[in-house]
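Asks: sequence plus predicted model, see below.
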Amino acid sequence: MKKIIETSDIKKIYKMGSEEVRALKSVSISVNKGEYVAFMGPSGSGKSTLMNIIGCLDTPTDGTYILNEKDVSDMSENELAEIRNKEIGFVFQTFNLLPRASCLENVALPLIYAGYNKSDREEKAFQALKNVGLADRVHHKPNELSGGQRQRVAIARALVNDPSIILADEPTGNLDTKTSYSIMELFHELHQKGNTIIMVTHEDDIAHYAHRVIRLRDGLVETDEINPNPTRAQIVQIEE
Ligand code: ADP
Ligand code: MG
């Protein structure tokens with residue numbers, strides 16, 4: 001199994017004036033290519049801090065982080081941005097779509113930074129939207145879509161660059177139960193296709209989809225366990 005993420009004794013200290021917040025005290029985890037991992041733990045335990053470091057949005061104060069065989073612990077912001085564009089697909093609780101842009105334009109956005117020409121961008125974005133079941137919503141604006149459809153657009157955008165890892169921070173946090181399950185079915189399919197997924201969630205029935213659950217508490221890993229029996233929602237209803 002190829003290791004895609006390895007953090008060794010990483011620490012994160014936020015400095016606020018004379019105050020210091022030790023958000024991560026010592027975190028050592030490794031994730032193999034193709035794994036589906038859920039991060040759980042109480043509010044303030046360091047989940048988002050860890051996701052930000054794994055996603056190259058931030059660097060650790062101490063310790064090393066190896067992503068896809070590259071040491072990214074001490075990279076400059078420019079270097080990090082390049083790695084991020086190439087390796088990471090982000091999905092957020094609040095979708096983070098551009099309201100004035102069409103679905104196609106939203107999904108094509110990461111490809112601008114990757115240097116594709118316009119027709120290639122549009123073709124790839126269309127395929128990504130088709131893969132999440134939105135081929136007929138290409139020219140719609142985000143506010144013309146349901147919450148579940150918006151999150152599908154965000155997932156298409158995360159995937160359009162064929163990243164090494166998909167990072168999702170509470171992706172179902174703004175969705176009703178039925179829609180949450182349909183989004184989780186989509187993540188399940190992505191995992192079946194070989195994608196590596198790390199997801200933060202508060203909800204047990206969402207975490208049950210993952211094949212491994214890492215619980216954080218006070219900036220430390222409390223438990224790191226394989227889920228012997230990943231379960232999907234009993235009744236999966238199709239989103240209207
Ligand atoms: P979680 O996502 O598990 O709720 P976070 O990683 O957001 O936890 O936060 C961990 C700790 O670090 C908390 O005490 C939080 O207040 C603090 N923290 C997070 N981000 C910052 C920041 N940018 N500046 C200062 N403190 C922060
Ligand atoms: Mg958080």
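Replies: Okay, I see it. Ligands and ions are numbered 1, 2, ... in the order given.

Asks: quick one: residues contacting the closest residue to Asn96 other than its chain neighbours.
Replies: Once flanking residues are discounted, Asn96 sits nearest to Ala154: 6.7 Å by CB to CB, 6 or more residues apart in numbering. C-beta coordinates here come from the backbone N, C-alpha and C atoms, glycine included. Counting by CB atoms under 8 Å, 6 or more residues apart in numbering, Ala154 makes contact with Val91, Phe92, Phe95, Asn96, Leu97.

Asks: list the contacts for the residue lying closest to His139 once chain neighbours are set aside?
Replies: Of all residues not flanking His139 in the chain, Ser102 sits nearest, at 5.2 Å (CB to CB, 6+ apart). Residues near Ser102 by CB under 8 Å, 6+ apart: Val138, His139, His140, Lys141.

Asks: can you tell me which of those is closest to ligand 2?
Replies: For the contacts of Ser102, the residue nearest ligand 2 by CB to the ion is Lys141; the value is 28.3 Å.

Asks: chain center to whatever helix or strand Lys178 lives in: distance?
Replies: Using DSSP states H and E, Lys178 falls within helix 177-192. The chain centroid and the centroid of helix 177-192 are separated by 14 Å under CA atoms, centre = their mean, to the nearest Å.

Asks: and after that helix, which helix or strand comes next?
Replies: Heading C-terminal from helix 177-192 (DSSP H and E), you reach strand 196-200.

Asks: dump the following helix or strand past that next one to CSV, restricted to CA.
Replies: Sequence-wise, the next helix or strand downstream of strand 196-200 (DSSP H and E) is helix 204-207. Output in CSV follows, covering the C-alpha atoms of helix 204-207 (Å, rounded to 0.1, in the frame of the first residue of the first chain):
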residue,chain,number,x,y,z
ASP,A,204,-21.9,8.9,13.8
ASP,A,205,-24.1,7.8,11.0
ILE,A,206,-21.9,9.8,8.5
ALA,A,207,-18.7,8.5,10.1
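
Asks: low-confidence stretches in the chain?
Replies: 234-240 (pLDDT under 70).

Asks: what about the residue of it found nearest ligand 2, which helix or strand?
Replies: Nearest residue of the chain to ligand 2, counting by CB to the ion: Ser48, 3.2 Å away. Taking DSSP H and E as the criterion, the element that holds Ser48 is helix 47-54.

Asks: gap between the two ends of stretch 161-179?
Replies: With CA to CA, to the nearest Å as the measure, the first residue of stretch 161-179 is 25 Å from its last.

Asks: buried ones in that stretch?
Replies: Applying a neighbour-count criterion of 16 or more other CB atoms under 10 Å, one finds 161, 163-175, 179 buried in stretch 161-179.

Asks: now, the residues you listed that are in strands?
Replies: Ile165, Ile166, Leu167, Ala168, Asp169 (DSSP state E).

Asks: state the number of residues packed around Lys2.
Replies: 9 (other CB atoms under 10 Å).

Asks: tell me if I'm right that His202 and Met40 touch.
Replies: Yes: with contact defined as CB atoms under 8 Å, His202 reaches Met40; the gap is 7.1 Å.

Asks: please say which of these two ends up with more neighbours.
Replies: More neighbours surround Met40 than the other of His202 and Met40, with 22 against 14 (other CB under 10 Å).
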